[in-house]
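Chemist: what would the 3D arrangement of this be:
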Amino acid sequence: GYHKQLTNGNYGTLVANGALTAATYSQTDNEAILDGTGTVNITGAATWTDGAMFGAGTINFNAGLAITGPADKNLAGGRVINLFGTSTWSGATGANTNDFYTGPATLNNFGTFIDANVFDTILRDWYSGDAMVFNNTGTYRKTGGGTTALALVFNNTGTVDVQAGVLALARGGSAGASGELAITDGATLRLDAGSFALADTVITGTGTLEVAGAFASTTAVFHTGSTTLAGQLLLTGGTLLANGTLTAATYAQTANNAVLGGTGTLNVNGAATWADGSMFDAGTINFNAGLAITGPTEKNLAGGRIINLYGTSTWSGATGANNNDFYTGPATINNFGTFIDANAFDTILRDWYSGDAMVFNNSGTYRKTSAGSTTLELTFNNTGTVDVQAGTLALARGGRLTGTVDIDAQAVLQLSGHTHTLSGLTLSGTGLLEVAGSFASSSSVVAEDALVLPGDLLVSGGTLTTQGATNITGALRMAGGRSEEH
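Modeler: Sure thing, here's the model as predicted:
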């Protein structure tokens, strides 16, 4: 039937099991319920101020829907809402008003949906059964400055336009090449919980794409294909599995439960900060403008992860002995730029996870500027410059040193653990080169050619083998260990 106006007001339930068409629609009371398995067509203006929509029927808002007022709304039971034209969600008068309590339901947006609440608003996954699904083939535009949390599955093949505030998607979803995620500078699109599939996703704008979650397992974002982000990639929780080629202007990883994984390539072209969390799996991350490793919390690096450093990188921010540490396993850092080790307290990079020790390949400059001790339980290969300006740099898993090593007065380069090969190495500075180890067999330093040392040499453990001429300007001290000439 056709009705000029369909009003669902006080204390009633409309069970629409057939085909019902109305020119306009208004639902205004908490006890007003739309139910049934049929189809309701609204051809003109429509307002939902209060009440519930249940039942497995369909309602088509052909000229859009105004969701307004501070009252909570309820949506479940398999209800399908189709939105055409321009729809608005506005009218919250305080935080968490004009909210939704939802369950199994589907909202298909074919038009423009404007999320304009000026306070924090939430759509809750409340009723038993599957979470609500929002399929966006039109435009979802967030204009309000607060946070909108959508505990639903959000699938986008249209445009998500986050102009202000935070849009938090909290039950997973998908976004592919056929749609667009537009994030304005200062705004954030947060992937907050559930499983997300991003395949060749188009992202525009200079805002923030955030991967979040209470635990590393709370959120899983699977990226495949190629995506470029002109803004910040922010990891505050959950796991980003970067399996394609993902490029971001800037990068920040800030929480213990934030994990970067995957087997693809992540390129970061601008400023990057690693304050907490883990990098696992056999993918590659390129920090093209350097990386700031900062803060007192521990970091984890294993699983075959490759980190390429360009520009100037820093490792600083320890607030006491043995914080801002690393727990590592199979992984590789390739330093092509300048790496500044500036922690003011003793710091250690531990060989912790099973498998081969981590490898640090330095073809740029590794510069230690602070007075404490840095212990690197990794294989350290140098073809560039190692510049120990202060404190002790202890290399504790062997490696190969060529290029240049400069040890300033009062500074120490300690070689311990496994085999260190010195070949074509230029040593400068008047500091101390120490060969160390718990036993003569626990570490071996082999100088394959002439060893010319302007400073002091201390053999406190392990074995030093020289295969060429040895010229030591400073003092030679034997305090344990063994020295051999061949």
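Chemist: what sits against the closest residue to residue 452 other than its chain neighbours?
Modeler: Closest residue to residue 452 apart from its sequence neighbours, by C-beta to C-beta, 6 or more residues apart in numbering: residue 471 at 4.7 Å. C-beta coordinates here come from the backbone N, C-alpha and C atoms, glycine included. By C-beta atoms under 8 Å, 6 or more residues apart in numbering, residue 471 lies in contact with 450, 451, 452, 453.
Chemist: next one: residue 344
Modeler: Counting by C-beta under 8 Å, 6+ apart, residue 344 has contacts 316, 318, 370, 371, 372.
Chemist: and if we set it to 7 Å?
Modeler: Applying C-beta atoms under 7 Å, 6 or more residues apart in numbering to residue 344 gives the contacts 318, 370, 372.
Chemist: and it, its phi and psi?
Modeler: Per-residue torsions, residue 344: phi -90, psi 0 (degrees, to the nearest 10).
Chemist: so how far is residue 303 from it?
Modeler: 30 Å (C-beta to C-beta, to the nearest Å).
Chemist: now swap in residue 102 and tell me
Modeler: Distance, residue 102 to residue 303, using C-beta to C-beta: 38 Å.
Chemist: between these two, tell me which one has more neighbours.
Modeler: residue 102 (25 against 18; other C-beta atoms under 10 Å).
Chemist: surely the more buried one and residue 76 touch.
Modeler: Yes: using C-beta atoms under 7 Å, residue 102 makes contact with residue 76 at a distance of 5.9 Å.
Chemist: give me the common contacts of those two.
Modeler: What both residue 102 and residue 76 touch, as defined by C-beta under 7 Å, 6+ apart, is the set residue 127.
Chemist: check contacts around residue 296.
Modeler: Applying C-beta under 7 Å, 6+ apart to residue 296 gives the contacts 317, 318, 319, 323, 324.
Chemist: related to what we said a few turns ago, so how far is the helix or strand hosting the residue nearest to residue 452 from its chain's centroid?
Modeler: Using DSSP states H and E, residue 471 maps to strand 470-472. Once both centres are worked out by C-alpha atoms, centre = their mean, to the nearest Å, strand 470-472 turns out to sit 50 Å from its chain's centre.
Chemist: sheet partners, orientation included, of it?
Modeler: As defined by DSSP bridges, the strand partners of strand 470-472 come to strand 451-453 (parallel).
Chemist: want to throw the contacts of residue 344 into CSV with pLDDT and neighbour count?
Modeler: Converted to CSV, these look like this (pLDDT from 0 to 100; neighbours: other C-beta atoms under 10 Å):
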residue, pLDDT, neighbour count
318, 97, 22
370, 94, 20
372, 94, 17
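Chemist: out of these, flag the one nearest to residue 222.
Modeler: Here the nearest of these to residue 222, counting by C-beta to C-beta, is residue 318; it sits at 34.5 Å.
Chemist: doesn't residue 341 make contact with that closest one?
Modeler: No: between residue 318 and residue 341 there is no contact under C-beta under 7 Å: 10.5 Å.
Chemist: next helix or strand past the lowest-mean-pLDDT helix or strand in the chain?
Modeler: Least confident element among the helices and strands of the chain, by mean pLDDT, DSSP states H and E: strand 2-8 (a mean of 68). Later in the chain than strand 2-8, the nearest helix or strand by DSSP H and E is strand 13-15.
Chemist: what packs against that next one?
Modeler: Here strand 13-15 touches strand 33-35, going by 3 or more C-beta pairs under 7 Å, 6 or more residues apart in numbering; DSSP states H and E.
Chemist: now residue 104: closest residue in space that isn't a chain neighbour?
Modeler: Using C-beta to C-beta, 6+ apart, the nearest residue to residue 104 is residue 129, at 4.2 Å.
Chemist: wait, what's in contact with residue 131?
Modeler: Here residue 131 is in contact with 125, 151, 152, 153, 171 (C-beta under 7 Å, 6+ apart).
Chemist: give me the pLDDT for the closest residue to residue 387 other than its chain neighbours.
Modeler: With sequence-adjacent residues excluded and distances taken as C-beta to C-beta, 6+ apart, residue 387 is closest to residue 367, at 4.3 Å. With respect to pLDDT, residue 367 scores 98.
Chemist: relative to the helix or strand where residue 367 lies, what are the paired strands and their orientations?
Modeler: Residue 367 is part of strand 365-368, with elements assigned from DSSP H and E. Strand pairing for strand 365-368, using DSSP bridges, gives strand 338-341 (parallel), strand 385-388 (parallel).
Chemist: let me have those in TSV, extended by mean neighbour count, mean pLDDT and distance to residue 108.
Modeler: Below are the strands paired with strand 365-368 laid out as TSV (neighbours: other C-beta atoms under 10 Å; pLDDT from 0 to 100; distance: least, C-beta to C-beta, whole Å):
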stretch	mean neighbour count	mean pLDDT	distance to residue 108
strand 338-341	22	98	52
strand 385-388	22	98	61
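Chemist: if you count neighbours, what's buried in stretch 32-44?
Modeler: Buried residues in stretch 32-44, counting neighbours by 16 or more other C-beta atoms under 10 Å, are found at 32, 33, 34, 35, 36, 38, 39, 40, 41, 42.
Chemist: could I get the contacts of residue 344 as a markdown table with secondary structure and distance to residue 356?
Modeler: Conversion of the contacts of residue 344 to a markdown table gives the following (DSSP: H, G, I helix; E, B strand; the rest coil; distance: C-beta to C-beta, whole Å):
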| residue | secondary structure | distance to residue 356 |
| --- | --- | --- |
| 318 | coil | 26 |
| 370 | coil | 29 |
| 372 | coil | 27 |
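Chemist: tally of neighbours for the closest residue in space to residue 41 that isn't next to it in sequence?
Modeler: Excluding the flanking residues, the one nearest residue 41 by C-beta to C-beta, 6+ apart is residue 21, at 4.3 Å. By the measure other C-beta under 10 Å, the count of residues near residue 21 is 15.
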